[in-house]
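Participant: Pasted the sequence and its predicted model underneath.
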Amino acid sequence: MPHGKHTTSSRWRKFKDGRHGSLRYSPSVRVSIVLPAFNEEKLIGATLQTVNTARIAFEAIGWESEVVVCDNNSTDRTGEIARAAGAKVVFEPVNQIARARNAGAAAATGDWLIFVDADSQVNRDLFAEVAEVIRGGAHLAGGCIIRLDHAPWWTAVFLHLWTLTSRVCRWAAGSFVFAESEAFRAVGGFNQALYATEEIDLSQRLNRLARRRQLQPMRILTRHPLLTSGRKARLYTPWEHLRFMLRTALSLGRSLNRRDACPIWYDGRR
């Protein structure tokens, strides 16, 4: 996605003395919820039901919202189910999570973007917490901590480590990322050279942008965790997860540029 330069077009921002000053709430904020989806006919209906219910949090304060689903070359009824649920559906023919998220963002019209994975369940309280961050005006982006649905016991260790890392480093989990649209585009969106961990790369670039603009780094929300599917932990063995991590470490991250090196995300197990 093209890089852009900072403007004052966001309708809730004021500047004072050439520096970031007070921020004001605008009743005309529009939020776009973007879901990338590849062969998600089993789960996307339930996910969209939770999204549509959670959107009430925005309606309650006079904000508009929309739902955009990027059908990432699905061979099942993913797109059909999404349309039936009232979502705007766009198509991305190349199977890649970063591309799907970027395609959804390109079709979105909101002042803010919320990226939600198609196997996750949001709630009204989480969206209300996002609205608080937006209205506070100190952050360009954020994420939240997560809980896994029906995951094996061994995932508790990895989830604890990830939660700690996320909060300390201010990195968002890919299953839930929110960002000001202008800031997202200013940093170039998700890195399409990466087939995994693109959310960490995006978090790092958004944090650098926030520092340059004298704003706070990503806000990691903790009060209302996102419930996301633990199927990767159920479908792939601990050894398969460990092998991916070792390959990534030994290649100094270069393996993340190859789809065949990231089978946990791309081999199609459902």
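Facilitator: Sure, I can see it. Numbering: from 1, shown residues only.

Participant: From now on I want contacts and neighbour counts done on CA atoms only, so please keep to that.
Facilitator: OK.

Participant: Quick check, Q96 in contact with Y195.
Facilitator: Yes: using CA atoms under 8 Å, Q96 is in contact with Y195, at 6.3 Å.

Participant: Name the residues that touch stretch 231-242?
Facilitator: Stretch 231-242 has contacts (CA atoms under 8 Å, 6 or more residues apart in numbering) with 149-152, 155, 264, 269-270.

Participant: Kindly report the same for stretch 243-254.
Facilitator: 255-256, 261-262.

Participant: Among these, which one sits closest to I134?
Facilitator: Using CA to CA, L256 comes nearest to I134 of these, at 32.0 Å.

Participant: Next one: the closest one from T50, what distance?
Facilitator: Relative to T50, L256 is positioned 32 Å away (CA to CA, to the nearest Å).

Participant: quick one: which of these two has more around it?
Facilitator: Shown here are L256 and T50; by other CA atoms under 10 Å, L256 has more neighbours (20 against 16).

Participant: Could I get the contacting residues of S255?
Facilitator: Contacts here follow CA under 8 Å, 6+ apart; on that basis S255 touches 247-248, 261-262.

Participant: Kindly report the same for A46.
Facilitator: Q121 are the contacts of A46 under CA under 8 Å, 6+ apart.

Participant: Check it and give its pLDDT.
Facilitator: Listed pLDDT for A46 reads 97.

Participant: Please identify which helix or strand holds it.
Facilitator: Secondary-structure assignment from DSSP states H and E places A46 in helix 44-54.

Participant: coming back round to it: out of the contacts of S255, who's nearest H160?
Facilitator: Distance ranking of these against H160, using CA to CA, places T248 first at 20.3 Å.

Participant: Where do the helices of the stretch 151-270 of the chain begin and end?
Facilitator: Secondary structure of the stretch 151-270 of the chain (DSSP state H, counting those that start in this stretch): helices at 155-169, 181-186, 198-212, 231-235, 238-250, 263-266.

Participant: which one of those helices has the most crowded surroundings?
Facilitator: Highest mean neighbour count among those (mean count of other CA atoms under 10 Å): helix 181-186, with a mean of 22.

Participant: Output the below-cut-off pLDDT ranges for the stretch 1-150 of the chain.
Facilitator: Under the criterion pLDDT under 70, the flagged ranges of the stretch 1-150 of the chain are 1-27.

Participant: show me where it has strands.
Facilitator: Remark: strands assigned in the stretch 1-150 of the chain by DSSP state E, counting those that start in this stretch are 13-16, 19-23, 30-37, 64-71, 88-91, 112-116, 120-121, 141-149.

Participant: check contacts around S166.
Facilitator: Applying CA under 8 Å, 6+ apart, the residues near S166 are 145, 172-173, 220.

Participant: Hmm, K88 is touching V68, no?
Facilitator: Yes: counting by CA under 8 Å, K88 touches V68, with 4.7 Å between them.

Participant: Look at the two and report which has more neighbours.
Facilitator: Of the pair K88 and V68, V68 is the one with more neighbours under other CA under 10 Å, namely 26 against 18.

Participant: distance of the more buried one from L221?
Facilitator: 23 Å.

Participant: cool, H150 as well?
Facilitator: Applying CA to CA, the value for H150 to L221 is 22 Å.
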